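# A predicted structure for the sequence below; I have some questions about it.
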Amino acid sequence: MHNGPTTPLEEAVSKLAEGRRSPGERDAVPLLQRFADTFLRDVNLGVLLIDLQFRLVDISDTACKLLGWSREQVVNHRINELFGAMPKEHHPIQRSLLGGVVVTNYAFSWQNGTYRHELLLDSNVVRCEEGRILGAYVLFKDVTSLKSLEEQVQRNDRLAMVGQIAAGTAHEIRNPLTSIKGFLQMFKRTLTERGMNKEVEFADIMLTELNRINELVGEFLLLSKPKDLNIEQLRIEQVMEEIVPIIRNEAVMHNVDVRVVHTVPLPPVVADREMLKQVFLNIAKNGIEAMVDGGHLSIYLKIDESCKCVLVDIHDSGPGIPGFLVDKIFDPFFTTKPNGTGLGLSVCQRIISDMGGGIRVASKGYGTTFTIAIPY
């Protein structure tokens, strides 16, 4: 329990408790005050108390954590000053609140450093016994995990539909592709023997495109029939050591510097070694290709004790992902690459989900960070 100085919000609840108790009860342990103390420090809700001048009177610890604010820096400041250069019409807390406007389950996104939180906000006014408005309170809760789960379910539904189509058509597509590829290789051999270099070049282009179609069909099949995982106990740092040379070879061609940061011992995880390599390589390759003029790719290995996960952060110094595209990058067939299939990240998310983990992305103006969480 918090034993420091009493905050204004705690004092307000304490006075409320005094008014509700009979004279005999006022000598008892102030239960409501203790509740207010515990509520502000422990409950998983953001709490803001606002006065009639639209100033922040008090803020809970959870609100500070979610919003990335320091209590000492924001208390007694006007609410509209706390949102920086954000246009007033986009502020999640409007001054109309003090006029008695009640808000329920208002959804908004908040970027805190490299992490984005999805929040639900409720607000109302605080009145005295005569009905006059004394101020207002704002409550909000973090529903990021819930929204991520909902989006994952929707993506899985789309993947399942793609999988059903793939299961029924992939082999029928591959059979004629094999015949076409075989005849093209024969034509190429004949053209080469006759010295028809320009026609040989055209044949090479067609063969390349056929291989691309074949790879796309292979990804379809992976979605339609998930590969059986070869689960074993392993250490993420060892998996990373095996693929870092491959990542660095790719990075050299794009003038990208790669570094791996690993400062604390990591607990072993239960996962599929080869599937993890596929995920790490895919995301690292995407980051390298995003840095057109060179840059830095940083891979951080760390622990999140709150969710009992080993985290792999893959950060690139590229131009970042526009906010209106961030929510779409895991959707099947969505891609910003001219020759991309849009299935790579969908497959990665499917693999990590099958291992009981998750992938999230954060991008704010400069650089992008993919975080892969694997439970230990």
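Yes, it's here.
# Count the neighbours of residue 202 for me.
Using other CB atoms under 10 Å, residue 202 has 14 other residues around it. (Each C-beta comes from the backbone N, C-alpha and C, glycine too.)
# give me the element it is part of.
Assigned by DSSP states H and E, residue 202 belongs to helix 197-224.
# For the helix or strand following that helix, which outside residues touch it?
Proceeding N to C from helix 197-224, the next assigned helix or strand is strand 231-234, under DSSP H and E. Residues from elsewhere that reach strand 231-234, judged by CB atoms under 8 Å, 6 or more residues apart in numbering: 268-273, 276, 355.
# Would you tell me what the next helix or strand after strand 231-234 is?
helix 236-252.
# ok so, going back, name the helices or strands packed onto the helix holding residue 202?
helix 144-193, helix 344-354 (3 or more CB pairs under 8 Å, 6 or more residues apart in numbering; DSSP states H and E).
# for the record, mean pLDDT for that helix?
Taken as a whole, helix 197-224 has a mean pLDDT of 79.
# And that helix, how far out from the chain middle?
Relative to the centre of its chain, helix 197-224 is centred 33 Å away, using CA atoms, centre = their mean, to the nearest Å.
# Next, the angle helix 344-354 makes with that helix.
Interaxial angle of helix 197-224 relative to helix 344-354 (axes from the mean of the first three to the mean of the last three CA atoms, to 10 degrees): 30 degrees.
# Keeping just the C-alphas, turn the helix or strand encompassing residue 315 into PDB.
Assigned by DSSP H and E, residue 315 falls within strand 309-316. C-alpha atoms of strand 309-316 as PDB (Å, rounded to 0.1, in the frame of the first residue of the first chain):
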ATOM      1  CA  CYS A 309       7.900 -14.000 -22.600                       C
ATOM      2  CA  VAL A 310      11.300 -13.700 -24.300                       C
ATOM      3  CA  LEU A 311      11.100 -10.700 -26.600                       C
ATOM      4  CA  VAL A 312      13.000 -10.300 -29.900                       C
ATOM      5  CA  ASP A 313      12.800  -6.600 -31.100                       C
ATOM      6  CA  ILE A 314      13.900  -6.100 -34.700                       C
ATOM      7  CA  HIS A 315      14.400  -2.400 -35.300                       C
ATOM      8  CA  ASP A 316      15.300  -0.700 -38.600                       C
END
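# ok, residues contacting the lengthiest strand in the chain?
Counting by DSSP state E, the longest strand found in the chain is strand 115-127. The contact list for strand 115-127, computed with CB under 8 Å, 6+ apart, reads 46, 66, 92-93, 97-98, 100, 102-111, 133-144, 146-147, 326, 362.
# filter those residues to the buried ones?
Taking 16 or more other CB atoms under 10 Å as the criterion, what is buried in those is 46, 66, 92-93, 97-98, 103, 110, 135-144, 147, 326, 362.
# Among the residues you listed, which ones are in strands?
Among the buried ones among the contacts of strand 115-127, DSSP E puts 46, 103, 110, 135-142, 362 in strands.
# rewinding a little: now render the contacts of strand 231-234 as JSON lines, adding distance to residue 320, secondary structure and pLDDT.
JSON lines is the format used below for those (distance: CB to CB, whole Å; DSSP: H, G, I helix; E, B strand; the rest coil; pLDDT from 0 to 100):
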{"residue": "268", "distance to residue 320": "34", "secondary structure": "coil", "pLDDT": "91"}
{"residue": "269", "distance to residue 320": "29", "secondary structure": "strand", "pLDDT": "91"}
{"residue": "270", "distance to residue 320": "34", "secondary structure": "strand", "pLDDT": "89"}
{"residue": "271", "distance to residue 320": "29", "secondary structure": "strand", "pLDDT": "89"}
{"residue": "272", "distance to residue 320": "31", "secondary structure": "strand", "pLDDT": "89"}
{"residue": "273", "distance to residue 320": "31", "secondary structure": "helix", "pLDDT": "89"}
{"residue": "276", "distance to residue 320": "26", "secondary structure": "helix", "pLDDT": "90"}
{"residue": "355", "distance to residue 320": "28", "secondary structure": "coil", "pLDDT": "85"}
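# Which parts of the chain belong to which domain?
The record's domain parsing of the chain by automatic domain parsing lists 43-142, 148-224, 231-375.
# With residue 187 as the reference, measure out to the residue of the chain most remote from its centre.
Distance from the C-alpha centroid of the chain, by CA atoms, centre = their mean, peaks at residue 194 (56.2 Å). Distance, residue 194 to residue 187, using CB to CB, to the nearest Å: 11 Å.
# cool, and residue 73?
Residue 73 sits 72 Å away from residue 187, taking CB to CB as the criterion.
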